[in-house]
Every structure is written in C-alpha cells, then in structure tokens.
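[1] here is my input, please return the structure:
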Amino acid sequence: MPKRRVLPWILPAILLAAVKPGPAPRFDPWTIIGPGGGGTMIAPTISPHDPAIVVEHCDMTGAYITLDGAQSWRMFSLRSVVGTFAFDPRNPKVIYAGNEALWRSQDTGRSWSMIFPDPKKNTVEHQNGDHSEYSLTTGDASFPAGRSISGILVEGAANPRMWVAFGPRRGDTATLLYVSSDDGKTWTRAREFPDERILELAAEPDALLAIGNRHVHRLANNAWTQLAEVPAGVTRASAGRAGGSTFIYATAQRGEIHVSEDGGASWRAAQTPASGRFEAIATSARNGRVAYAGFRGQRGAPGAFNGISKTTDGGRTWNFIHQESNRPSPSLVPSWIESRAPAGGRDIFFDTPWSLGVAPTDPDICYATDLFRTYRTLDGGKTFETVTSARVGENTWTTRGLDVTTNYGVHFDPFDVRHLIIGYTDIGAFQSHDGGKSWLSATTGVPGNWRNTTYWVVFDPQVKDRLWGAFSGVHDLPRPKMWRNRDPKTYVGGVGISENGGATWQLSNEGMPQTAVTHLVLDPASPADARTLYACAFGRGVYKSIDRGKSWTLKNDGIEGESPFAWRLTRATDGTLYLVVARRSEGHMGEGGDGALYRSRDGAEHWQKIALPANVNGPVGLTLDPRNERRMYLAAWGQGRPDVDIGGGVYLTTDAGATWKPIFQEGQHVYDVTVDPKNPQVLYVCGFDAAAWRSADGGATWSRLRGYTFKWGHRVIIDPADPKLIYITTYGGSVWHGPAQPGPDVPEDIPNPVPVAR
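    Next up is the predicted model:
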C-alpha cells in the first residue's frame with residue numbers, strides 16, 4: 001500500500017507551540033508578513049482549561065488564537081467582525097464565536113462551522129454596501145436575522161444549555177436571549193429585554209445571570225427575577241465567583257466603578273476617580289475578588305496617564321499597576337509600537353485599554369488590548385509585555401501573528417529584490433532588507449501629521465536608493481466614511497522623496513497644497529535628473545512635476561467637478577495617462593457624485609472623459625494588458641442593494657474604452673486587477689468579498705485562491721523573486737504571501753461555508 005501523502009501545511013496541534021516569538025504555523029500555505037500589531041484589538045478571552053489558549057478579535061474582520069501564551073498567534077476569518085467568544089467549560093477543544101451567526105470550533109480553533117442559524121435551512125450570505133457588509137437570510141424560522149451576537153454562555157452541567165444574546169438592531173432597542181438544550185441543534189427564544197443591552201451572561205451553580213445596562217436578570221428554577229437596578233450609565237460589566245458569591249464589576253459613563261457582591265441584588269460605589277475615567281473592566285471567573293480596570297486621563301505626577309488599576313479584595317481597594325503617559329511604562333517589555341511615541345508634547349500618547357481579559361484559573365494573568373496592540377501580565381501586574389511583535393534585530397521586528405493593518409502596495413527595490421517597502425494605514429511605511437523576514441519603520445522625516453498613511457511608493461528605476469512616497473494624514477480613502485463629514489480640502493499630506501532607500505525622507509511638494517496624495521506615477525522615459533511624476537490629490541485633482549518632484553502644478557483641464565476625488569493613475573508605454581476618479585456617492589446612477597474615467601494623451605495637459613460600462617458608477621482601478629494596451633481591465637465597486645449589489649466586478653475593453661463587457665461578477669467589490677507581465681493571460685482580482693481569484697485565460701474563467709479568506713482585500717502583487725508566489729494586501733489583515741495556485745486540497749477556516757447570494 002502506498003504511503004499516505006501528508007500536506008506540509010497540515011500540522012498537528014502540538015507543533016503549534018513556538019520555540020520563540022513569531023507567527024504561529026498555519027494550516028494552509030499562506031504566510032502573513034509585517035511588523036505585527038498596528039490596529040485595534042478587542043476582547044481577549046482566556047480558556048478556563050488552559051491559560052495559554054487565548055482568542056481575541058479586532059475591528060477589521062480578523063480573529064486570532066494563541067495556543068502558547070501569546071508567543072505566537074494565528075489569524076482566522078469568520079466572514080465578518082467577531083463580537084464575542086466563549087469556551088465550552090466541559091470540552092477544552094470547543095470554542096464558540098458570535099457575529100451575525102453563531103460559530104463553533106471543535107478542534108481548538110482550527111476549523112469552524114455555523115450552528116445558528118441552521119446552515120441547511122436555505123441560509124444564504126449577503127455582502128452589500130460600501131464595506132461589503134455581511135448579513136444572512138435563512139429559512140430557519142427561529143433565527144433573529146439582522147442582529148449581531150453580543151454574548152455567549154455554555155453552562156457546565158451534565159446536560160448544559162447554551163445561551164446566546166442578540167443585541168438590538170436598527171430601529172429596535174431590545175436584546176433577545178436564545179437557548180438551546182440539544183447542543184445547538186434547535187433554538188428557542190427564552191426572553192426579550194426591552195430597551196436594554198445585555199452586557200454579560202454569567203452562570204451561578206443554580207442560576208443564569210443576564211447582566212444588563214439597567215438591571216441584572218436572574219433565571220432560577222425556570223423563573224426570571226429582576227434584581228436591583230444597575231447604577232446609572234453602566235456600559236461595561238464582568239462577573240466572577242468567589243467564596244460562594246458572585247461578584248459583578250461595572251464601569252459607568254461618568255467613569256466610576258461599581259461592585260455587587262451578591263450577583264446584582266445590591267450595589268456599591270467602589271472607585272470614583274478624581275480625574276479621568278474607568279472604562280474596560282474584567283474579573284477572573286473563578287477568582288472574583290480579583291479584577292482589573294482600564295483608566296483614561298488620570299491626573300498625577302508628572303502628568304496625565306492611562307493604564308490599569310487592580311483590586312484583590314472585591315473592589316474595596318484599588319492600586320495602579322500600569323501607567324503610561326507619553327512614554328511606555330518602565331515595567332513594560334515594549335515592541336516597535338512604543339518606540340514611535342513622541343518624546344514630549346502631549347500629556348498622553350498611549351491609548352487606554354479598550355478591553356481586558358483575566359484568566360479564569362489564574363487571576364495573575366491579564367491581557368489588555370488597545371488602539372495599536374495587545375499586552376499582558378503573567379505576574380499580577382508587576383510586569384507587562386507587548387505580544388504583537390517579536391524583535392529580530394536591534395531595530396527590526398516581525399509579527400507574532402497579531403496583525404490589524406491596512407496596506408496598499410508591496411514595492412520592490414529595482415536594485416535589490418530583497419528590499420521591500422509596504423505602505424500602511426496608521427503606521428506609515430515599513431521596509432525590509434531580508435525579503436520580508438524582518439521590518440523597520442520607514443517614515444523618518446515624514447511630518448507627524450502626514451505619517452498616518454503611506455498610500456504609494458515609487459522607486460526610480462535607474463537611480464539607486466531614490467524613491468518617492470505618497471503620504472496622507474487621512475486613511476481609508478476612498479471609503480465614504482472618510483469624506484461624508486469632512487471636506488477633503490482640509491486633508492493634510494503630500495509627496496516626499498528619499499535618496500537613501502527610504503531611511504529618511506524630505507518634503508517634495510512645492511506648489512502642491514496640503515492634500516491626501518493617494519497615488520504616484522513616474523514617467524520612466526523622462527531624464528533621471530528631471531523626472532516627470534504625476535500625483536493623485538484626493539479632492540483636488542492631478543498634479544504634475546517635471547523636476548523630480550521639487551515643484552508641482554495642478555493639471556485638471558477637462559476633469560469635471562470642483563474637487564475631483566482623484567484616486568488612481570495608469571500610464572501606457574506610449575505615455576497615455578488614465579485617471580480613475582472615485583465616486584462621492586453610494587447611491588444610484590445619476591444622483592450626482594458618480595465616479596469617472598479619464599484619458600490624457602498629452603502628459604495631463606488635457607483630459608478626456610471615457611464612458612464607463614453600463615450600471616457602473618464606482619470605478620476603482622484600471623489595468624492595461626502589457627502586450628496590447630487597448631485591452632484594459634476596469635475594477636469596480638457595486639452600488640448597494642438589499643439583496644445583491646450591482647455595477648461592481650471587472651469589466652474588459654479591447655478597444656481602449658469604446659466598449660466594455662463584464663468578465664467577473666463573483667464579487668461586487670473589486671479593488672484592483674493584476675496582470676502577470678510575463679503571461680498577460682494570467683489575471684488576479686481581489687476585493688471586499690472574502691476572496692481572491694485567478695484566471696489563466698484572460699478572464700474567461702476564474703478560480704478562487706484557496707486558503708485566502710480574509711473579508712476585506714485590496715490587491716494582488718506578483719512576487720518578483722518567485723513568480724509562483726504572490727502577495728495580497730488587505731484592509732485590516734496585513735499582507736498575505738503565498739502560492740499563486742494553492743491547489744484544491746488547501747484547508748480553510750470554514751470547510752463548509754453557506755452559499756453567497758449572486
């Protein structure tokens with residue numbers, strides 16, 4: 001009998017324990033690269049069976065698990081932003097996650113299945129609107145569609161019940177509580193809480209507690225009792241048991257802490273700050289006298305600070321155990337994130353904890369998450385360590401697998417293929433000199449109010465170490481949330497130039513007002529000492545430089561509108577320029593604010609509008625076939641509809657824009673199209689529909705790239721060091737690196753997903 005072939009990326013769980021900090025091995029052939037951290041992390045939840053197992057989520061659709069006490073993390077994707085996690089108290093391998101559906105893993109987070117609604121009852125996934133928001137329709141009549149799960153509890157009795165709280169939906173203020181007594185096979189509505197948000201579900205030996213922002217509700221002997229009114233303005237709560245009693249800790253809008261020692265029957269004020277406010281709160285489920293509270297803006301010597309306070313006596317006394325102002329706490333083992341804090345200036349740089357998680361079995365273990373990182377203590381607060389990144393060299397870092405970063409391009413030095421630069425949101429630009437194994441910041445010299453986002457980088461193909469960067473103080477363009485309530489003419493940013501490979505930058509924007517620069521194109525035929533460059537200024541138009549970026553001139557002749565959302569430029573080998581203007585509308589065609597496509601044959605001196613395909617008003621990117629530049633691919637964003645968006649996907653022209661036809665409609669939120677320059681029949685598309693796709697026949701047929709399932713993607717970049725590999729940039733999931741053709745046997749986070757509405 002032949003030996004069974006074992007795929008190299010399928011690893012037994014025991015091998016997930018990392019020898020040293022770094023990303024956890026994945027079960028697919030993809031690697032997620034970058035410095036780690038860099039975005040908002042939320043709700044660290046620690047296993048009651050093993051405190052080395054922790055799950056948490058972020059605000060950018062990724063979820064994360066560590067099996068080795070935060071030495072390494074693995075990202076997984078459950079179609080949209082996870083809201084809450086819970087561990088099964090009886091089975092250490094079973095974990096639950098809630099977003100618009102209830103998910104269960106029975107193999108310690110390796111794979112997940114939907115259990116509510118019933119996926120077999122005509123359950124269909126929808127991805128609609130500007131952010132391709134996830135929703136479900138289903139024939140499961142028991143399921144409350146249109147809500148998100150805010151709490152999960154599995155009781156620990158011999159025949160446990162499972163409880164799920166669904167938060168209010170638009171136009172409704174009630175929380176709904178559902179229960180299953182048959183391991184999630186069937187569900188019934190147990191209770192409705194009008195005008196109340198349930199903050200926490202907790203179990204007592206003989207009762208269930210639903211802790212709301214108005215009351216604590218107790219279920220015992222199949223009867224509900226409404227206990228004492230919760231203190232006014234409570235927004236966070238956490239419960240734990242100690243000495244036969246249930247302790248509940250809560251923080252309120254005014255910033256104070258309240259404690260109940262009797263499961264919500266009575267309350268007392270536990271801590272009222274003289275300044276600032278307490279926000280995040282967490283206790284140990286089995287050691288309820290110990291709790292940690294995150295605070296913001298506390299005043300004291302030498303100034304204001306954020307950090308963590310702790311009680312070990314049920315909230316009678318509290319002590320500050322972690323304090324950060326404009327420099328990290330001396331008890332913190334930092335990462336690159338803390339090194340970016342300014343030396344002085346504002347009172348506070350480091351964020352307050354957004355959420356806290358305490359180990360049920362060991363109250364000395366506490367995880368904290370904030371706007372940029374996850375950090376934790378293993379000794380009750382004597383010391384902390386940031387656990388998003390691992391140090392590689394003196395100033396270089398790599399991810400531990402906790403990545404919450406948005407990125408736009410992977411840019412390669414034409415003189416050194418191992419020199420890479422990634423343009424990020426929130427953390428600027430990072431570069432690697434070893435092919436992506438380690439990373440260091442690449443924004444030295446960029447003004448502080450420009451440094452938030454690096455939208456693009458272009459290397460000079462003939463002058464070593466010379467490059468230009470597109471910088472902006474405003475991120476997430478062209479998404480409407482960034483310009484709905486702010487005039488783009490108030491944006492800050494511009495162009496910078498580096499003559500030393502990105503080590504330092506100088507401003508290079510004379511004649512260009514402060515603006516969000518989203519793209520740069522260089523004319524390689526221009527003289528090396530007088531390069532011609534073009535820049536997209538979002539809300540202003542196209543700028544041109546003929547002196548290597550020293551000075552710029554606005555070139556908008558023919559572009560309609562006073563403040564065009566200039567987004568992307570494409571240059572043909574004959575010098576023809578194409579401009580994509582992003583739409584300033586999410587509505588239907590012709591209601592104003594439609595996106596547009598322009599062409600210039602005279603170096604941006606004049607622009608001519610090109611008709612878009614029928615029903616398309618959201619162009620995002622234009623890509624040319626390098627062997628036939630009259631053949632062009634347009635990536636488009638759909639118009640929002642209740643069922644399936646329209647007008648998105650990929651459109652092909654073979655006559656330079658005179659006519660168009662759709663060639664890819666599997667996703668309605670396509671961010672970009674990539675053409676393999678060595679074989680233009682090979683195409684890649686990526687977008688916000690939880691997939692990337694490949695075509696080997698010029699777009700006639702497509703196959704999904706297995707293993708890559710991150711919800712919000714940007715673009716595919718072919719690896720110049722190995723054309724069998726590609727990079728995928730994402731909106732919130734860092735940069736993925738893996739095979740251009742993963743193959744049909746690659747395992748995925750959700751082996752049996754529900755159908756997607758088309």
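
[2] ok but Phe63 is inside a helix, no?
    Quick fix: residue 63 is Ala, not Phe. No - Ala63: not assigned to a helix; according to DSSP: H, G, I helix; E, B strand; the rest coil it is strand.

[3] for the nearest residue in space to Met512 that is not next to it in sequence, list the residues it contacts.
    Excluding its sequence neighbours, the residue lying closest to Met512 (C-beta to C-beta, 6 or more residues apart in numbering) is Trp552, at 4.1 Å. C-betas here are computed from N, CA, C, even on glycine. Residues near Trp552 by C-beta atoms under 8 Å, 6 or more residues apart in numbering: Val495, Asn509, Glu510, Gly511, Met512, Ala535, Tyr543, Lys544, Ser545.

[4] which among these gets closest to Gln127?
    Ala535 (32.5 Å; C-beta to C-beta).

[5] for the closest one, give me its contacts.
    Ala470, Val495, Met512, Val517, His519, Leu520, Val542, Tyr543, Lys544, Ser545, Trp552.

[6] which SSE is the fourth one in?
    For Val517, the element it lies in under DSSP states H and E is strand 516-523.

[7] can you tell me the strand partners of that strand and which way each runs?
    Sheet pairing of strand 516-523 (DSSP bridges) gives strand 532-538 (antiparallel).

[8] how far off centre is the strand it pairs with?
    Taking C-alpha atoms, centre = their mean, to the nearest Å, one finds strand 532-538 lying 28 Å from the centre of the chain it belongs to.

[9] alpha carbons of that strand, in PDB - could you do that?
    The C-alpha coordinates for strand 532-538 follow below in PDB (Å, rounded to 0.1, in the frame of the first residue of the first chain):
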ATOM      1  CA  THR A 532       8.300  63.600 -14.600                       C
ATOM      2  CA  LEU A 533       5.900  62.500 -12.000                       C
ATOM      3  CA  TYR A 534       2.100  62.600 -11.600                       C
ATOM      4  CA  ALA A 535       0.200  62.600  -8.300                       C
ATOM      5  CA  CYS A 536      -3.400  62.000  -7.400                       C
ATOM      6  CA  ALA A 537      -4.600  64.500  -4.800                       C
ATOM      7  CA  PHE A 538      -7.800  63.300  -3.300                       C
END
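
[10] got a quick ChimeraX command for the buried subset of the contacts of Ala535?
    The buried residues among the contacts of Ala535 can be selected in ChimeraX (16 or more other C-beta atoms under 10 Å) with this line:
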select :470,495,512,517,519,520,542,543,544,545,552
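
[11] and of the contacts of Ala535, the nearest to Tyr708?
    His519 (24.4 Å).

[12] can you name the residues that contact Gln639?
    Glu586, Gly587, His588, Met589, Asn615, Asn617, Gly618, Asp645, Ile646, Gly647, Gly648.

[13] highest neighbour count among those?
    Gly648 (28 neighbours; other C-beta atoms under 10 Å).

[14] span of stretch 113-127 from start to end?
    From its first residue to its last, stretch 113-127 covers 19 Å (C-alpha to C-alpha, to the nearest Å).

[15] which residues of the protein score low on pLDDT?
    Along the chain, the model assigns pLDDT under 70 to residues 1-19, 301-302, 341-349.

[16] longest strand in it, please.
    The single longest strand within the chain, with elements called by DSSP state E, is strand 287-300.

[17] and it, what's buried?
    For strand 287-300, by 16+ other C-beta under 10 Å, it's Asn287, Gly288, Arg289, Val290, Ala291, Tyr292, Ala293, Gly294, Phe295, Arg296, Gln298.

[18] quick one: the strands in the stretch 401-550 of the chain?
    Using DSSP state E, counting those that start in this stretch, the strands of the stretch 401-550 of the chain run over 407-413, 416-424, 429-432, 440-441, 453-459, 467-472, 493-498, 506-507, 516-523, 532-538, 541-545.

[19] what's the angle between the last one and strand 532-538?
    Interaxial angle, strand 541-545 versus strand 532-538 (axes from the mean of the first three to the mean of the last three C-alpha atoms, to 10 degrees): 160 degrees.

[20] what is strand 541-545 packed up against?
    If you count contacts as 3 or more C-beta pairs under 8 Å, 6 or more residues apart in numbering; DSSP states H and E, strand 541-545 packs onto strand 532-538, strand 553-554, strand 566-571.

[21] mind listing residues that contact the next helix or strand after the last one?
    In this case it means strand 566-571. For strand 566-571, the following helix or strand on the C-terminal side (DSSP H and E) is strand 577-581. With contacts defined as C-beta under 8 Å, 6+ apart, strand 577-581 is touched by 521, 534, 536, 542, 559, 561, 564-572, 595-601, 603-604, 607, 610, 619-622, 624, 632.

[22] strand partners (parallel or antiparallel) of strand 577-581?
    Partners of strand 577-581 in its sheet, by DSSP bridges: strand 566-571 (antiparallel), strand 596-600 (antiparallel).

[23] turn these into CSV, columns for mean neighbour count and distance to Phe27.
    Listed next are the strands paired with strand 577-581 as CSV, based on neighbours: other C-beta atoms under 10 Å; distance: least, C-beta to C-beta, whole Å:
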stretch, mean neighbour count, distance to Phe27
strand 566-571, 22, 35
strand 596-600, 21, 41
